[in-house]
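Engineer: 3D model of this:
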Amino acid sequence: MKVRFIAEFSWRPAGDKRNYVIVYRPDRGLDGRGLYTVKRECGADAIAAGKAVAVAEEPVVDAPPAAPAESE
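Structural biologist: Residues are numbered from 1 along each chain as shown. Modelled structure (predicted):
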């Protein structure tokens, strides 16, 4: 899921036994302007908290069909 963070957001994966927090900042990310690809759970939590907005996924373009094999 792609989201753009508009405010700093700290996220801890639910049920994870390790003790860590992931911090997302609006001045970092893929484009330097808060764009991140995150797990759906993280994205949903950030959007619900008002710290991020969803970004539309770009459609996947299928590869062109393979050229037919030449007969020998």
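Engineer: could you find the closest non-adjacent residue to M1?
Structural biologist: Leaving aside its chain neighbours, M1 sits nearest to G43 (4.0 Å; criterion: C-beta to C-beta, 6 or more residues apart in numbering). For the C-beta atoms, the positions are set from N, CA and C on the backbone; glycine is no exception.
Engineer: please list all residues in contact with A44.
Structural biologist: M1 (C-beta atoms under 8 Å, 6 or more residues apart in numbering).
Engineer: let the chain start at 17 from now.
Structural biologist: Will do, 17 is the new start, and the previous item becomes A60.
Engineer: downstream of the helix or strand hosting it, the next helix or strand is which one?
Structural biologist: In this structure, A60 sits in helix 56-64 according to DSSP states H and E. Downstream of helix 56-64, the next assigned helix or strand under DSSP H and E is strand 68-70.
Engineer: report the buried residues of that following strand.
Structural biologist: For strand 68-70, the neighbour count (16 or more other C-beta atoms under 10 Å) marks A68 as buried.
Engineer: check stretch 42-50 too.
Structural biologist: 42, 45, 50.
Engineer: the second one against Y52, yeah?
Structural biologist: Right, the one you point to is G45. Yes - G45 is within contact range of Y52, at 4.7 Å (criterion: C-beta atoms under 8 Å).
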